[in-house]
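Asks: structure for the following, please:
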Amino acid sequence: TITSAGYVEVESVRITHDSANSKSVVGFGATDVFHLSATDVSMLGTLSSTGNFDVGAPGGRKFSVAAGSGDVTTSGDVSTSKVSAAIKHTSTDTSSSSGLTVSSVKGYVVVRSDLQYVDVESVRFTGAD
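Replies: Residues are numbered from 1 along each chain as shown. Here you go, the predicted structure:
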């Protein structure tokens, strides 16, 4: 138990209690790193991982980043509120296998602007359809 004015310190890791917000505060010395409550963890700095990063329960992941490849999967929408946004492919590989693919397994692909227009620099359609 951490008393109202007390703390637990092991080496340089300090755990205190923020009674105003019902959270435990974990830090290094006087620098807070994260806050813990019964249902919440708040990071106060940069989160780094050398392993996979998964959001959601096993068997129902909502967002994942594979540490080995950087591949990202999501079961939700990806939205941006920037004034000007882009999806960029920046590979320096100039072989014929390098490219950016937008596809849909069970439906169609829509490119749309609700307010103005869609710029297309060069268009090529190939295939039987």
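Asks: quick one: low-confidence ranges for this structure?
Replies: Within the chain, the stretches with pLDDT under 70 are 1-5, 127-129.
Asks: and the strands in it, which stretches?
Replies: Assigned by DSSP state E, the strands in the chain fall at 7-10, 13-18, 23-28, 31-36, 41-43, 53-55, 63-65, 72-74.
Asks: nearest to residue 106, of those?
Replies: In terms of Cβ to Cβ, the element of these nearest to residue 106 is strand 72-74, at 16.2 Å. Heads up, the C-betas are built off the backbone N, CA and C, glycines and all.
Asks: can you give the strand pairings for that closest one, parallel or anti for each?
Replies: strand 63-65 (antiparallel) (DSSP bridges).
Asks: please point out which parts of the partner strand sit buried.
Replies: Residues of strand 63-65 classed as buried: residue 65 (neighbour count, 16 or more other Cβ atoms under 10 Å).
Asks: mind checking how far it is from the chain centre?
Replies: Centroid displacement of strand 63-65 relative to its chain, using Cα atoms, centre = their mean, to the nearest Å, is 7 Å.
Asks: repeat for stretch 69-81
Replies: With Cα atoms, centre = their mean as the basis, the mean position of stretch 69-81 lies at 8 Å from the chain mean.
Asks: C-alpha coordinates for that stretch, CSV please?
Replies: What follows is stretch 69-81, C-alpha atoms only, in CSV (Å, rounded to 0.1, in the frame of the first residue of the first chain):
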residue,chain,number,x,y,z
SER,A,69,8.1,-6.5,-41.9
GLY,A,70,6.2,-3.3,-40.8
ASP,A,71,3.0,-4.7,-42.4
VAL,A,72,-0.1,-3.1,-40.9
THR,A,73,-3.5,-4.7,-40.8
THR,A,74,-6.8,-3.2,-39.5
SER,A,75,-10.3,-4.3,-39.3
GLY,A,76,-11.5,-0.7,-39.2
ASP,A,77,-11.4,2.3,-41.5
VAL,A,78,-8.3,4.5,-41.9
SER,A,79,-9.2,8.2,-41.7
THR,A,80,-7.2,11.4,-41.8
SER,A,81,-8.2,15.0,-40.9
